[in-house]
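S.K.: pasted the sequence and its predicted model underneath.
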Amino acid sequence: MRFLPKLLSVALATGMSVTTLSTTATAAPASPASGAAAPAALASGTTTHGTTARAALTRTAASVTPPLRVTSAHGTFSAYAPDVQAVTYRPDLVAAGARARVAALSADRVGTTTVLVISGLLPQHEYGAHAHVNSCGATGDAAGSHFQHVPDPVKPSVDPAYANPRNEIWLDFTTDRFGIGHATSTVDWTFGGQRAKSVVIHETHTHTGPGHAGTAGGRLACLNVGF
Ligand SMILES: [Cu+2]
């Protein structure tokens, strides 16, 4: 089971959208929780009350507690139109009507955890996914390159020293027999002045070798995410 901080599942359970939590919230990573709970909470619109989450978040507050930033986005994939949140470029692989949710929790000096939950895809199929620098556009290329914490001076970046899941946000997944997929990324940095703006779904899992690190085939679909 993949690592998922308890703080994130608690925050997601409140159903909060773009929110910056109070400065009393702890930044200490909680003990790893079962990854099974969060996707269920994401999908079901749980009724957990916000004050419960806030109490949990402040329970272990230490003397230095940087604020938590929680971001979430969701969309139903469709053909491109100027104000569409989720675009499919390959309806044969990401059907119109498929849905995706992304949530990210970050705290200075702790890092950023991002969760992707997606449904309506091909069953038992491998997809790649990453955070990209630009918003979604009329073509897959519009989303630009992968967001990199430490930018590779060489473009396009295919050097594993830069194109790796510690310097980028990778959200590869394999769907289950119902066409549902989920992925979690945890990195030890937070966004500064520049932020990622989308998550792009790709044709294959992400390659890691020199010369093609970070590549994952064609761009199938894109969800705008206000990281
Ligand atoms: Cu990508």
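M.R.: Received, thanks. Numbering: from 1, shown residues only.
S.K.: in this structure, what residue comes closest to the ion?
M.R.: As assessed by C-beta to the ion, the ion sits closest to His130 within the chain, at 3.5 Å. Quick note: C-beta positions are derived from backbone N, CA and C, even for glycine.
S.K.: isn't that residue right next to Trp170, touching?
M.R.: Yes: distance between His130 and Trp170: 5.5 Å, which falls inside the contact criterion (C-beta atoms under 8 Å).
S.K.: more crowded one of these two?
M.R.: His130 (26 against 23; other C-beta atoms under 10 Å).
S.K.: show me the contacts for the residue positioned nearest the centre of the chain.
M.R.: The structure's the chain has its C-alpha centroid closest to Thr114; by C-alpha atoms, centre = their mean the separation is 3.9 Å. Listed by C-beta atoms under 8 Å, 6 or more residues apart in numbering, the contact partners of Thr114 are Val102, Ala103, Ala104, Ala131, Ile169, Leu171, Thr184, Ser185, Thr186.
S.K.: go with 7 Å
M.R.: Taking C-beta atoms under 7 Å, 6 or more residues apart in numbering, we find Thr114 in contact with Val102, Ala104, Ile169, Leu171, Ser185.
S.K.: in this protein, which spans are strands?
M.R.: 4-5, 19-20, 32-33, 68-76, 86-88, 94-107, 111-121, 126-132, 173-174, 181-187, 198-202, 219-224 (DSSP state E).
S.K.: buried stuff in the fourth one?
M.R.: Spelled out, it's strand 68-76. Leu68, Arg69, Val70, Thr71, Ser72, Ala73, His74, Gly75 (16 or more other C-beta atoms under 10 Å).
S.K.: excluding chain neighbours, give the residue nearest to the residue of the chain closest to the ion in space.
M.R.: His146 (5.0 Å; C-beta to C-beta, 6 or more residues apart in numbering).
S.K.: tell me the spacing between the one you found and Arg195.
M.R.: With distances taken as C-beta to C-beta, to the nearest Å, His146 is found 13 Å from Arg195.
S.K.: ok, now Val87?
M.R.: Counting by C-beta to C-beta, the gap from Val87 to Arg195 is 19 Å.
S.K.: contact residues of this structure facing the ion?
M.R.: By the criterion of C-beta under 5 Å from the ion, the positions of the chain lying close to the ion are His130, Val200.
S.K.: just for the chain, where's the confidence low?
M.R.: Along the chain, the model assigns pLDDT under 70 to residues 1-63.
S.K.: Val87 and Arg195: who's more crowded?
M.R.: Here Val87 and Arg195 are set side by side on neighbour count (other C-beta under 10 Å), and the busier one is Val87, at 29 against 14.
S.K.: now do the contacts for the more buried one.
M.R.: Phe77, Ser78, Tyr80, Cys136, Ala221, Cys222.
S.K.: quick one: the first one and Tyr89 touch, right?
M.R.: No: applying C-beta atoms under 7 Å, one finds Phe77 not in contact with Tyr89, separated by 9.5 Å.
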